[in-house]
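# the following comprises the amino acid sequence and a computationally predicted model.
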Amino acid sequence: MEAFFRRYLPCLVKLWDWLWPGGQEDPVSRPAEIRTVAGDIKIPAPARKTSAPLYAALYDFTARSEEELTIKEGDKLSVIEKQGDFVLAQKLSGSLESGLVPATYVTLIRDEFANNPWYFGNVSRKDAEKLLMSPLNKPGSYLVRISESNSDEYSLSVRNETQPNHFRIYRTHAGDYYITENKHFPSLDELIDYYQSHWKSLGVLLAQPCTQQKEQFDGDSWERPREEFVLQEKLGEGHYGEVWSGVWKMTKKMVAIKMLKQEDMKQDEFVKEVQALKSLHHPKLIELYAICTRGEPVYIVTELMSKGNLQVYLNSAEGRQLILAHLVYMASQVAEGMAYLEDRKIVHRDLAARNILVGDNLVCKVADFGLARIIKDDVYSVSAATKIPVKWTAPEATSFHKFSVKSDVWSFGILLYEIVTYGKMPYEGMTNKEVVNMLNKGYRLPCPENCSNTIYKIMLDCWKDTGTERPSFHALRSQLEVIYSKLYHNQSES
Ligand code: ATP
């Protein structure tokens with residue numbers, strides 16, 4: 001009915017907007033979703049690239065590898081996406097090449113929103129939450145920030161009575177902005193104006209722009225009293241102790257709580273895991289929420305991933321129904337999270353399906369930073385006494401204790417094998433010693449049943465003898481995204 005009135009009596013648009021504040025139900029088709037046999041798992045359509053805002057190079061930068069882009073001060077660029085401390089940029093004149101440049105070398109020159117009190121530009125999701133939940137801000141405070149995963153899009157963060165809410169602001173090919181597909185706006189200002197008066201369609205009031213209070217980011221605001229957490233169910237047990245699901249009373253969020261075994265002497269490792277988590281923020285890495293270090297047991301509180309670890313999940317009844325498109329989608333997310341670590345020169349050292357956590361709609365996040373290290377040079381050496389997950393570890397790391405981003409790439413190849421075999425143990429039936437001997441003789445895991453040559457080729461590339469021959473995580477991510485896009489479209493058409 002709404003569509004009928006809007007179409008035939010457009011002059012009464014104000015009346016229709018008043019009657020149906022959610023906006024016109026535009027018959028824009030939603031992206032097709034690939035369903036499993038059970039039909040209950042949905043994954044998004046592959047990302048569409050839209051026109052990016054205009055950036056300029058602040059300084060000259062000379063590429064040091066094939067992935068990087070040489071730029072001259074003043075070059076006009078479009079930024080395709082942020083990748084850690086780098087941005088993937090494309091020149092807008094001359095060669096039109098694209099590649100990575102340090103984020104600090106470019107500046108946004110067309111940011112038409114800078115004068116708006118609600119526009120906070122590059123503030124991270126975590127910092128936006130801290131700002132909104134600070135005592136200076138009341139329910140209804142809101143801000144707009146550049147999306148952490150796609151620099152061409154924005155997020156609207158709003159505080160309700162108890163917690164922050166985030167809404168992704170998408171772009172259409174024509175450059176319009178929207179939160180719901182049926183309501184597009186030519187500018188962000190208009191989108192904000194609209195949702196101020198039609199806030200019910202968001203479910204949360206947009207009353208006043210967030211108040212700035214930058215100083216509060218200083219100091220360790222992660223520490224929380226343990227009484228704020230209610231334990232619910234034991235999820236598993238790891239090296240450090242038990243992991244429980246629970247509720248963070250203050251925010252009503254479901255969380256995972258990792259506890260340190262009292263008798264354990266691994267306190268140092270545990271502390272390192274927390275330190276690593278504090279500095280890392282990416283949608284494909286598990287997010288730290290809080291720590292409770294006063295009293296015992298010590299808690300590390302992180303986001304809860306509803307489906308647990310990837311290895312167990314793939315082996316479950318639900319996991320076994322996934323088709324190749326789902327599996328590749330999951331693998332590409334892991335590569336995305338690892339590319340973020342790669343940019344920061346962080347080696348994970350324990351990349352395996354058991355250390356990937358799965359959430360709703362097959363969201364995958366890299367977890368278990370217990371062994372992660374920031375490396376100053378390209379290689380990190382560990383003592384001979386360190387325990388190594390041999391079947392996942394590159395030969396140079398197993399034999400000479402040399403860990404690098406490229407040894408993580410080797411492990412990614414094994415993880416890919418685990419994914420396409422639904423969690424099968426690699427080198428089944430072989431001892432660690434046999435594996436090491438065979439690898440040194442050039443043996444590699446065979447192509448799993450039903451695995452395409454293209455995907456097996458990616459595994460073999462990850463298992464090249466020398467690190468320099470192995471692909472980067474950025475390259476792995478884009479290869480997997482291309483495969484995913486093809487599989488997705490074939491599937492949607494069939
Ligand atoms: P290790 O501690 O030796 O690395 P691990 O990875 O199995 O081993 P934990 O990280 O302590 O150990 O986790 C134990 C199990 O708890 C995981 O395998 C997973 O199933 C579950 N788990 C851990 N963190 C979460 C989380 N954030 N959300 C959901 N489940 C989780």
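The structure has been received and is ready for your questions. The shown structure was predicted, so the numbers you read here are calculated from the model rather than taken from an experiment. Numbering: from 1, shown residues only.
# can you list the domains in this protein?
Domains of the chain are assigned by automatic domain parsing as 2-33+113-217, 54-108, 219-303, 311-493.
# would you mind finding the most buried of those?
Among the domains of the chain, the stretch with the highest mean neighbour count (mean count of other C-beta atoms under 10 Å) is domain 311-493, at a mean of 19. Yep, even glycine has a C-beta here, placed from its N, CA and C like the rest.
# near the ligand, anything from that one?
Yes - contact of domain 311-493 with the ligand (C-beta under 6 Å from any ligand atom) involves 354, 355, 357, 368, 370.
# want to throw the residues you listed into TSV with pLDDT?
TSV is the format used below for the residues of domain 311-493 next to the ligand (pLDDT from 0 to 100):
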residue	pLDDT
354	95
355	94
357	97
368	85
370	64
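# quick check, pLDDT for the residue in the stretch 201-350 of the chain positioned nearest to the ligand.
Nearest residue of the stretch 201-350 of the chain to the ligand (C-beta to the nearest ligand atom) works out as residue 238 at 2.0 Å. What the model reports as pLDDT for residue 238 is 78.
# repeat that for the one 3 residues further on.
We note a pLDDT of 80 for residue 241 in this prediction.
# how close does residue 202 get to residue 410?
To residue 410, residue 202 is 46 Å away according to C-beta to C-beta, to the nearest Å.
# ok, now residue 436?
Going from residue 436 to residue 410 by C-beta to C-beta gives 13 Å.
# picking that back up, which residues touch the residue of the stretch 201-350 of the chain closest to the ligand?
Neighbouring residues of residue 238 by C-beta atoms under 8 Å, 6 or more residues apart in numbering: 258, 368.
# list the residues that contact residue 461.
Residues in contact with residue 461, defined by C-beta under 8 Å, 6+ apart, are 413, 469, 470, 471.
# would TSV of the residues you listed with secondary structure, distance to residue 349 and pLDDT be doable?
Listed next are the contacts of residue 461 as TSV, based on DSSP: H, G, I helix; E, B strand; the rest coil; distance: C-beta to C-beta, whole Å; pLDDT from 0 to 100:
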residue	secondary structure	distance to residue 349	pLDDT
413	helix	15	98
469	helix	20	96
470	coil	16	97
471	coil	19	96
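# closest to the ligand among those?
Among the contacts of residue 461, residue 413 lies closest to the ligand (C-beta to the nearest ligand atom), at 19.9 Å.
# looking at the domains of the chain, which one has the lowest mean pLDDT?
Mean pLDDT is lowest for domain 2-33+113-217 among the domains of the chain, at a mean of 75.
# what is the nearest of the contacts of residue 461 to residue 401?
For these, the residue nearest residue 401 by C-beta to C-beta is residue 470; the value is 18.2 Å.
# look up how far residue 453 lies from the closest one.
Residue 470 sits 18 Å away from residue 453, going by C-beta to C-beta.
# now do residue 125
Shown here: residue 125 relative to residue 453, a distance of 39 Å by C-beta to C-beta.
# now the strands for the stretch 351-494 of the chain?
Taking DSSP state E, counting those that start in this stretch to define them, one finds strands in the stretch 351-494 of the chain at 356-358, 364-366, 373-374, 380-381, 402-403.
# helices or strands next to the first one in the packing?
Packed against strand 356-358 by the contact rule (3 or more C-beta pairs under 8 Å, 6 or more residues apart in numbering; DSSP states H and E) you find strand 308-309, helix 310-315, helix 324-343, strand 364-366.
# between these, which one is nearest to residue 427?
Residue 427 lies closest to helix 310-315 among the helices and strands packed on strand 356-358, at 15.0 Å (C-beta to C-beta).
# now do that closest one: which elements does it pack against?
Under the contact criterion of 3+ C-beta pairs under 8 Å, 6+ apart, helix 310-315 touches strand 356-358, helix 405-420.
# quick one: which of these is nearest residue 75?
Using C-beta to C-beta, the helices and strands packed on helix 310-315 put helix 405-420 closest to residue 75, at 28.2 Å.
# just give the nearest non-adjacent residue to residue 75, would you?
If the residues on either side of it in the chain are set aside, residue 75 comes closest to residue 57, at 4.3 Å by C-beta to C-beta, 6 or more residues apart in numbering.
# my guess is residue 284 meets residue 359, correct?
No - Residue 284 is not in contact with residue 359 according to C-beta atoms under 8 Å; the separation is 10.8 Å.
# got any residues that touch both of the two?
The contact sets of residue 284 and residue 359 overlap at residue 365 (C-beta under 8 Å, 6+ apart).
# tell me the bridge partners for residue 301.
Here residue 301 sits in beta bridges with residue 257, residue 290, as judged by DSSP bridges.
# kindly report the same for residue 55.
On the basis of DSSP bridges, residue 55 takes part in beta bridges with residue 77, residue 108.
# for it, give me its contacts.
By C-beta under 8 Å, 6+ apart, the residues touching residue 55 are 76, 77, 78, 79, 87, 89, 106, 107, 108, 109.
# and the stretch 201-350 of the chain, which of its residues are near the ligand?
Residues of the stretch 201-350 of the chain found near the ligand (C-beta under 6 Å from any ligand atom) are 235-240, 243, 256, 258, 286, 302, 304-305, 308-309.
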